[in-house]
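A.B. asks: Here's a sequence, model it:
(chains A, B, C and D)
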Number of protein chains: 4
Amino acid sequence: MSERRYTLTISCPDRSGIIAAVSGFIAQHKGWIVEASYHTDLETQRFFMRQEILADSLPFDLIEFHAQFTDLAAEFKMDWHISDSAQKKRIIILVSKQDHCLNDLLHRWRSGELLVDIPCVVSNHADLRGFVEWHGIPFHHVDMTDKADAFENIEHLFRLYHGDAMVLARFMQILPPDLCRRHAGQIINIHHSFLPSFVGAKPYHQAYQRGVKLIGATCHYVTDELDAGPIIEQDTVRIDHGDSVDDMVRYGRDIEKTVLARGLRYHVEDRVLVCSNKTIVFK
Amino acid sequence: MSERRYTLTISCPDRSGIIAAVSGFIAQHKGWIVEASYHTDLETQRFFMRQEILADSLPFDLIEFHAQFTDLAAEFKMDWHISDSAQKKRIIILVSKQDHCLNDLLHRWRSGELLVDIPCVVSNHADLRGFVEWHGIPFHHVDMTDKADAFENIEHLFRLYHGDAMVLARFMQILPPDLCRRHAGQIINIHHSFLPSFVGAKPYHQAYQRGVKLIGATCHYVTDELDAGPIIEQDTVRIDHGDSVDDMVRYGRDIEKTVLARGLRYHVEDRVLVCSNKTIVFK
Amino acid sequence: MSERRYTLTISCPDRSGIIAAVSGFIAQHKGWIVEASYHTDLETQRFFMRQEILADSLPFDLIEFHAQFTDLAAEFKMDWHISDSAQKKRIIILVSKQDHCLNDLLHRWRSGELLVDIPCVVSNHADLRGFVEWHGIPFHHVDMTDKADAFENIEHLFRLYHGDAMVLARFMQILPPDLCRRHAGQIINIHHSFLPSFVGAKPYHQAYQRGVKLIGATCHYVTDELDAGPIIEQDTVRIDHGDSVDDMVRYGRDIEKTVLARGLRYHVEDRVLVCSNKTIVFK
Amino acid sequence: MSERRYTLTISCPDRSGIIAAVSGFIAQHKGWIVEASYHTDLETQRFFMRQEILADSLPFDLIEFHAQFTDLAAEFKMDWHISDSAQKKRIIILVSKQDHCLNDLLHRWRSGELLVDIPCVVSNHADLRGFVEWHGIPFHHVDMTDKADAFENIEHLFRLYHGDAMVLARFMQILPPDLCRRHAGQIINIHHSFLPSFVGAKPYHQAYQRGVKLIGATCHYVTDELDAGPIIEQDTVRIDHGDSVDDMVRYGRDIEKTVLARGLRYHVEDRVLVCSNKTIVFK
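C.D. replies: Residues are numbered from 1 along each chain as shown, chains lettered A, B, ... in the order given. Okay, the predicted model is just below:
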């Protein structure tokens, strides 16, 4: 993704002519579309699209794009958004003691694979301060004794650092419902089971008890219902009767890391559109 | 599996010396072990083992084996079983209208991959009579109007044909609890979801509603609790937002077929030992 | 895919405005696009697209579509094609003695999953006549003693039955180069390895010798270079040191079946576009 | 793996009675076997076994075990080895500039998942010094201008630090054949393709050119023939026509990490036995 791009995402009631209207608008301004994806949700009869346009191919900036596009958007009753790849999203990572997802995300970030800013890392434990600060990233230890206070503090940090998204990288704390609602579509969690199986605490223990032959991980948006938000990405890995809970935890870490990394990447690149309690992911 | 083999399966309380005692017994009679697997279940502290022995390497038949082995088995408080690959298991297949699993199993049977006898196929519809009879296999249509009668009829057929196992190859009918209990470990079902997600009817519709990114299939022993018996085999396949319920049904058929075929194969080769509500599968 | 659809596939030199022009043309005639996919190949700088349009939403038939679309197509130097879902493709299946792929394809066909006509099955052995004819499909046994004669015969049958594609469902015979060239993009093979590993004969034996930990299958278009044509679909399955060549053959059959079925489906639905020696598969 | 264990690995000509003799020996000394695996290679007619024994269940240490076991080993012409989980293996990591595998291994090490000592990291670039030294691990930059000198230096470091194994974690340099031969079974490489496809340089470019639909990674022992040593572990990941070489490199990193980590774990736990140019991996 070396060249600067605008990413346009749209959802609107389905009808004929939407693609023609939008691509006609872009063509009329000599815009060069490098990626285009479409989907119609049959239940809601809504149409979803995503287009990546080379930024330099358009004769105007995003402010002017808004001005020019607004009439067409109104005609089709569009919910729409355009973002600029030059403007990196700001991701606040929340973590507990288990640091495999944090370690993975920070490596992707420092190697230039994950194109985001990470203005700070927040944790309910002090253990990871050294590792985070080695990266030159501020680390905030939030004491969870008073949960209400703690989450107010977390939300304060999110605003202070102008966070675009909060990533719960094995944070192991249940967020208050009102915080979830205020930041709908902004909070990404990795749950260590193949949802909807094994909601809540200790999913690997639950999986062990049930005797499943595969375990999984799920990256989803957080809503006010526990582990029930729109699923962005999932994966599974094979286990067998010889695997203890500890083995499952170990296998699980590897899929948690990759599932969270993929899910976050989709989010950051505006590939995820929410439709009811489901996601459309334009890969 | 060209050479004739005896398969010895054992479960007993765990202690040291079990492998030595059993393999010592076999070695003393010049038996040649070609496959050996062991497992200790940490929760129940039970030991499980399976050994395949070349039949011609032992100087006695199975009746004599029983006589010779009984003291050792008693000393270790073993539940044990020995089978002879020359004696094929008799599998009764139950099917409804969807025939992808039946078609798959019958092909594996007629090509010599699945080494079983199929004394009959039972269905609550007459549609598949022609296809089954083309294979030279008796077909029984059981009317389900009176369910009690129908299941009595099915159990009668199972006994009449000396069935060793009943395979519900998308039979789509819930078996009565007492029938399940009478044939514990003998009835194998293929459920079209990744259990414990989406128990019961229309699992693909449930999966579609939840917006999962993978769907699955589960082969399990039937117990008196619906879709809750010991899991033998599972697998998943990736879907995305573009897939309708019909697409999911189509993808699902392919994993149902392979998961049932693998699970049945494990069962037929005495690779599956049940421990509480879980299975040990010695592959 | 219950509603009748037109599928329009296009490839042309890349430039801006192609999507706008094509979707503008369709919108102008009130056509309803239900699926749309695009791709630019960076090496050849060619643009590829596929659109499914509800047939009844357009005011004209395919002949009129050709007449109306021809100027636009010329302007963009398009190679293009439009097909009608009401007109099923005619698939000639070639098979040897191994019938797992044939059995799988015929089941998908008779259950209505694979929407094609199968005007005949051709084999160099007589063994499968009964099974094929049970389906009401003509079976032709072609003697391979004189290979030149045999392939002339096969090509004759292909023309006689107005075949659209030839599927080598484990045919195990190498086609003459000139036949491959005359039917470029029309002949689909399933090779029982993960190409480019293990080209040619006995790939499972080759895999066993090399000690690989996964084996695979590859569905590809046949060209005049053995096993080197454009790849449509591939998959792999895990094996281990305990698996003999026979075990690998058995596992392999399951992926051969699904990989061929998926590849053929993509072909039949006009989802595969060839670019140099690679395929674009719009799933 | 909390309790201290001895791991006994044996290979010898196949005959009946081996399991009985070995497990009899262990039982006679009241040893408690917690994991036992067996395999017969049909081509070489050699038998392979691995047993984990609770260290405290045996009345003697490893020196005494050697003394006691030597007659039995001679009788069966065994190549055998016993290791002690209390004695961690010493792993020297070689790395170039790409650090995803290094980052992954160091995290597994510092989190206690990978139970090894890492006495030093060696690189032909200075870039990763800070990250390695943050872990308290010595870092050696070896200049590759004079390759003969450089590899002598590397071998010197390996001996100086009493290395048990050398891990080429994307080292990107071809080792001299004599060094490979001197350390047969001690040097582990991660190759970024699904071998035997795409041997040598730039495998992702080769994969892109061939148009494969899956890419892979291979962990193998290094021999004097490039990328042709015994394979320990492999995996694949799906790609499609939309993925550029850069995308493939990115997907590839994730499988390289997990395949190397799994392969190294098997090696460290004495689960890998080499037979001709293949491995037996007792998982």
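A.B. asks: where's the residue in the stretch 1-150 of chain A that chain B sits nearest to relative to B:Asp243, distance?
C.D. replies: Of all residues in the stretch 1-150 of chain A, the one sitting closest to chain B is A:His39 (6.0 Å; CB to the nearest CB). No exception for glycine: its C-beta is placed from N, CA and C like everyone else's. To B:Asp243, A:His39 is 11 Å away according to CB to CB, to the nearest Å.
A.B. asks: higher neighbour count, the two?
C.D. replies: A count of neighbours by other CB atoms under 10 Å in any protein chain shown puts A:His39 above the other of A:His39 and B:Asp243, at 22 against 19.
A.B. asks: So that one belongs to a strand, correct?
C.D. replies: Yes. Checked against DSSP: H, G, I helix; E, B strand; the rest coil, A:His39 lies within a strand.
A.B. asks: what's near enough to touch it?
C.D. replies: Residues near A:His39 by CB atoms under 8 Å, 6 or more residues apart in numbering or on different chains: A:Phe47, A:Phe48, A:Met49, A:Ile280, A:Phe282, B:His241, B:Gly242.
A.B. asks: Drop the exposed ones from these and show what's left.
C.D. replies: Among the contacts of A:His39, those buried by neighbour count (16 or more other CB atoms under 10 Å in any protein chain shown) are A:Phe47, A:Phe48, A:Met49, A:Ile280, A:Phe282, B:His241.
A.B. asks: what secondary structure does the first one sit in?
C.D. replies: The one in question is A:Phe47. Recorded secondary structure, A:Phe47: strand (three-state DSSP).
A.B. asks: Name the residues linked to it by a beta bridge.
C.D. replies: Bridge pairing for A:Phe47 (DSSP bridges) gives the partners A:Cys12, A:Thr40.
A.B. asks: From D:Gly242, how far off is it?
C.D. replies: Note on A:Phe47: its distance to D:Gly242, by CB to CB, is 22 Å.
A.B. asks: so how many other residues sit close to the closest residue to chain C within the stretch 51-200 of chain A?
C.D. replies: Of all residues in the stretch 51-200 of chain A, A:Ser57 sits closest to chain C, at 6.9 Å by CB to the nearest CB. For A:Ser57, the number of neighbouring residues by other CB under 10 Å comes to 17.
A.B. asks: same question, A:Asp149
C.D. replies: Per other CB under 10 Å, the neighbour tally for A:Asp149 reads 12.
A.B. asks: same thing with the one 4 residues further on?
C.D. replies: Burial of A:Asn153, expressed as a neighbour count using other CB under 10 Å, amounts to 16.
A.B. asks: give me the element it is part of.
C.D. replies: In the assignment (DSSP states H and E), A:Asn153 maps to helix A:147-160.
A.B. asks: Tell me which other helices or strands the following helix or strand past that helix touches.
C.D. replies: Next along the chain after helix A:147-160, taking DSSP H and E as the criterion, comes strand A:165-168. In terms of contacts (3 or more CB pairs under 8 Å, 6 or more residues apart in numbering or on different chains; DSSP states H and E), strand A:165-168 is packed against strand A:89-95, strand A:187-191, helix A:245-268.
A.B. asks: gap between strand A:165-168 and the chain center?
C.D. replies: 8 Å (CA atoms, centre = their mean, to the nearest Å).
A.B. asks: Equivalent analysis for stretch A:263-272, please.
C.D. replies: 5 Å.
A.B. asks: which residues sit against that stretch?
C.D. replies: Contact with stretch A:263-272 is made by A:7, A:9, A:50, A:81, A:83, A:89, A:91, A:105, A:114-116, A:165, A:167, A:188, A:190, A:219-220, A:232-233, A:279-283, as judged by CB under 8 Å, 6+ apart.
A.B. asks: Go through those and flag which are in strands.
C.D. replies: A:7, A:9, A:50, A:81, A:83, A:89, A:91, A:116, A:165, A:167, A:188, A:190, A:219-220, A:232-233, A:279-281 (DSSP state E).
A.B. asks: from these, which would you call buried?
C.D. replies: Here, 16+ other CB under 10 Å leaves A:7, A:9, A:50, A:83, A:89, A:91, A:116, A:165, A:167, A:188, A:190, A:219-220, A:232-233, A:279-281 buried among the ones in strands among the contacts of stretch A:263-272.
A.B. asks: who in chain A is up against chain B?
C.D. replies: A:39, A:41-42, A:194-198, A:210-214, A:216, A:230-236, A:240-242, A:244, A:275, A:277-281, A:283 (CB under 8 Å from any CB of the partner chain).
A.B. asks: Let's see that with 7 Å instead.
C.D. replies: Proximity of chain A to chain B (CB under 7 Å from any CB of the partner chain) is limited to residues A:39, A:42, A:194, A:196-197, A:210-214, A:230-231, A:233-234, A:236, A:240-242, A:244, A:277-281.
A.B. asks: Can you select the buried ones among those residues for me in PyMOL?
C.D. replies: PyMOL command restricting those to the buried ones, with burial defined by 16+ other CB under 10 Å:
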select buried, chain A and resi 39+194+196+197+210+211+212+213+214+230+231+233+234+236+241+277+278+279+280+281
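A.B. asks: What residue in chain A is the furthest from its centre?
C.D. replies: A:Gly242 (34.5 Å; CA atoms, centre = their mean).
A.B. asks: Next one: the residue of the stretch 51-200 of chain A closest to chain C, what pLDDT does it get?
C.D. replies: We note a pLDDT of 95 for A:Ser57 in this prediction.
A.B. asks: now swap in the one 5 residues further on and tell me
C.D. replies: Confidence per residue is given as pLDDT, and for A:Leu62 that number is 95.
A.B. asks: doesn't A:Ser83 make contact with it?
C.D. replies: No. Using CB atoms under 7 Å, A:Leu62 is not in contact with A:Ser83; the gap is 8.2 Å.
A.B. asks: which regions of chain A sit below the pLDDT cut-off?
C.D. replies: Applying pLDDT under 70 to chain A flags residues A:1-2.
A.B. asks: How is it partitioned into domains?
C.D. replies: Following the assignment in automatic domain parsing, chain A carries domains at A:5-84, A:89-281.
A.B. asks: Quick check: closest non-adjacent residue to A:Ser96.
C.D. replies: Using CB to CB, 6 or more residues apart in numbering or on different chains and skipping the chain neighbours, the partner closest in space to A:Ser96 is A:Met172 (4.3 Å).
A.B. asks: picking that back up, for the residue farthest from the centre of chain A, which residues are in contact?
C.D. replies: Applying CB atoms under 7 Å, 6 or more residues apart in numbering or on different chains to A:Gly242 gives the contacts B:His39.
A.B. asks: Comparing the domains of chain A, which comes out most buried?
C.D. replies: domain A:89-281 (a mean of 19; mean count of other CB atoms under 10 Å in any protein chain shown).
A.B. asks: Would you work out how far apart the start and end of it are?
C.D. replies: Its first and final residues considered, domain A:89-281 spans 18 Å by CA to CA, to the nearest Å.
A.B. asks: Over to stretch A:153-166?
C.D. replies: 14 Å.
A.B. asks: correct me, but A:Gln45 touches A:Ser11?
C.D. replies: No. Counting by CB under 7 Å, A:Gln45 does not reach A:Ser11; the two are 11.3 Å apart.
A.B. asks: and the residue farthest from the centre of chain A, helix, strand or coil?
C.D. replies: Relying on three-state DSSP, one would call A:Gly242 coil.
A.B. asks: wait, isn't A:Ala20 in contact with C:Phe25?
C.D. replies: No. The pair A:Ala20 / C:Phe25 is not scored as a contact, 8.2 Å apart, by CB under 7 Å.
A.B. asks: And A:Cys275, how close does it get to C:Leu128?
C.D. replies: A:Cys275 is 47 Å from C:Leu128, by CB to CB.
A.B. asks: What parts of the stretch 51-200 of chain A come near chain C?
C.D. replies: Counting by CB under 7 Å from any CB, the stretch 51-200 of chain A sits next to chain C at A:Ser57.
A.B. asks: Mind telling me which residue of the stretch 51-200 of chain A is nearest chain B?
C.D. replies: A:Ser197 (4.5 Å).
A.B. asks: Skipping adjacent residues, who's closest to that residue in space?
C.D. replies: Excluding the flanking residues, the one nearest A:Ser197 by CB to CB, 6+ apart is B:Ser197, at 4.5 Å.
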